[in-house]
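A.B. asks: give me coordinates for this.
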Amino acid sequence: MAAPARVWSVALHGVDGVPVEIEAVIGGGIPGVYLLGLPDAALNEAKDRVRSAIVQSGRTWPNERIVLALSPATLRKSGSRFDVALACGVLTATGAIPPDRLKGTALLGELALDGRLRPVRGVLPCLLAARAAGMARAIVPRATLAEAGLVDGLASYGADSLAEVLDWAAGNRTLTQVPAAPGPGPAADVPELADVIGQHDARRALEIAAAGGHHLLMVGPPGTGKTMLAQRIIGLLPELDRDEALQLAAIRSVAGRLGRSAPLSTLAPFVAPHHSASAAALLGGGSGVARPGAVSLAHRGVLFLDECPHWPASILDSLRTPLEEGEVRLARADGTVRYPARFQLVLAANPCPCAPPIDRDCTCRPDVRRRYMARVSGPLLDRVDLRVTMEPVIALTDTGERGDDTATVRRRVLAARAAAEARWSPHGWRCNAEVPGTELRGRFPLPPDVREPLEKRLRAGELSARGADRALRVAWTLADLAGADRPGRSDVDGALYFRDRGAA
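C.D. replies: Here you go, the predicted model:
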């Protein structure tokens, strides 16, 4: 029996790629194809796809015993991205492909029965893992070339069919090489903040939320601008750097939501699932290895939950761990995967089920109002830094002074963010919302007279320890917006003003 032929592909575990070595041995028993290495159903079906694609590409399928082993053997392999590698492994074992031709090459792609290469999800994280493993080249379906171009330091080639890959491996043709990595797409048009009529408290809360990365709750009747304000926070947030944009693109690639024309976006994401969405749609899930959900697609951006009292309480409470830890862990029979989920949560709610334009016209009994807002649990509300009550809209035009536009507010937000990053980056944090409360109270304590309002509310039982820490973070953001080095008493008072439970 000849020595095994070796080719390489990449498996996905969450948003992390794992290089997979595929060994192929032919001969030594009854004809058949044996696939080893914990393949799932889709991968087991690859045997028939690979055989048909090889025959349709004008090559000979060996009528012998074929053993294909995927290593690491203890990692469950799923999906159809291994098809091209399996086909090349078989033909390398038969001698149809020179054994050294595919050395250091990652092969990705699903095969149609006629030999066409079909695109697969997760090309970006797979190629990032291939580069980290020291591979020099990658062959992917031509439709995913733009995505492959995001990975520097790896020569990527695109093909439309298995026949093209085999001709290239024989030295008879060249493949389309990936173009230069595309830059960020054109700047997206973001909604204008100045379009919002009135709502001065809500606009201020939105600015604070953007400047410090804080979570926000807006309560008010329909038509007061809750959704308008939530959509406008994206125009205030800083652009993603390249590492963040690549991480977000990898999540979108795994979820199958990465655009092909300009896949790298530096605009912070805004994800607004409907309140009928399932827990799997919000947190991630699915059969086999769980896929990312809305909380991960909103990574480094905003997750907006409109009509939050209409969400099931169990689903809302499941957000508590991602809010604290910045990631979501999904356990399935095939293993546990981690997806990043560092997002800002923006909640919107009506004050009661009937939600009249003016609160005094409410027809709901007091117990009905209490039950309605109680659907958003206290532990979740305790993690929301800013709460604001929307004002009724009594005019179609702003009769007072027009609020600042998006560009003006964004300049203030970016200046505050820069001040916070300069202060916290030596310690590994980027914005005020990420700083642990122990650090704020220990390494960066405020004078006793400044802390007095917080301690007074703590003693009265009106504020939890977590709530006090979050108020401290908001106070630091208010100081950054004011250009101060440290929060003063007015900043702490302002932070407590926006934590007033009466807004909820």
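
A.B. asks: so which strand or helix has Arg423?
C.D. replies: Using DSSP states H and E, Arg423 sits within helix 406-424.

A.B. asks: buried residues, that helix. List them.
C.D. replies: Burial within helix 406-424, assessed by neighbour count using 16 or more other Cβ atoms under 10 Å, is assigned to Thr406, Val409, Arg410, Arg412, Val413, Leu414, Ala416, Arg417, Ala419, Ala420, Arg423, Trp424. Where C-beta positions appear, they are placed from N, C-alpha and C, glycine not excepted.

A.B. asks: for it, list the C-alpha coordinates in CSV.
C.D. replies: This file holds the C-alpha atoms of helix 406-424, laid out as CSV (Å, rounded to 0.1, in the frame of the first residue of the first chain):
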residue,chain,number,x,y,z
THR,A,406,-25.3,64.4,13.8
ALA,A,407,-21.9,65.8,12.8
THR,A,408,-21.8,68.2,15.7
VAL,A,409,-22.8,65.6,18.3
ARG,A,410,-20.5,63.0,16.7
ARG,A,411,-17.5,65.4,17.2
ARG,A,412,-18.3,65.6,20.9
VAL,A,413,-18.7,61.9,21.1
LEU,A,414,-15.4,61.1,19.4
ALA,A,415,-13.6,63.6,21.6
ALA,A,416,-15.0,61.9,24.7
ARG,A,417,-14.2,58.5,23.4
ALA,A,418,-10.6,59.6,22.7
ALA,A,419,-10.2,60.9,26.2
ALA,A,420,-11.6,57.6,27.7
GLU,A,421,-9.4,55.5,25.5
ALA,A,422,-6.3,57.5,26.4
ARG,A,423,-7.1,56.9,30.1
TRP,A,424,-8.1,53.3,30.0
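
A.B. asks: who's in contact with the following helix or strand past it?
C.D. replies: Using DSSP H and E, the helix or strand that follows helix 406-424 in sequence is helix 437-442. Helix 437-442 is contacted from outside by His427, Ala465, Arg466, Ala468, Asp469, Arg470, Leu472, Arg473, Trp476, using Cβ atoms under 8 Å, 6 or more residues apart in numbering.

A.B. asks: top of these by number of neighbours, please.
C.D. replies: Neighbour counts for those peak at Trp476, which has 29 neighbours (criterion: other Cβ atoms under 10 Å).

A.B. asks: and the strand or helix carrying it, what does it pack onto?
C.D. replies: Following DSSP H and E, one finds Trp476 within helix 465-482. Applying 3 or more Cβ pairs under 8 Å, 6 or more residues apart in numbering; DSSP states H and E, we find helix 465-482 packed against helix 200-212, helix 406-424, helix 437-442, helix 448-459, helix 489-497.

A.B. asks: do that again at 10 Å, thanks
C.D. replies: Applying 3 or more Cβ pairs under 10 Å, 6 or more residues apart in numbering; DSSP states H and E, one finds that helix 465-482 makes contact with helix 200-212, strand 386-389, helix 406-424, helix 437-442, helix 448-459, helix 489-497.

A.B. asks: and after the first one, which helix or strand comes next?
C.D. replies: Secondary structure here is assigned by DSSP H and E; on that basis, the next helix or strand after helix 200-212 toward the C-terminus is strand 216-219.

A.B. asks: pairing partners for that next one, with directions?
C.D. replies: Paired neighbours of strand 216-219 in the sheet (DSSP bridges): strand 344-349 (parallel), strand 386-389 (parallel).

A.B. asks: turn those into CSV, including distance to Ala210 and mean neighbour count.
C.D. replies: Shown next, in CSV, are the strands paired with strand 216-219 (distance: least, Cβ to Cβ, whole Å; neighbours: other Cβ atoms under 10 Å):
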stretch, distance to Ala210, mean neighbour count
strand 344-349, 8, 25
strand 386-389, 11, 22
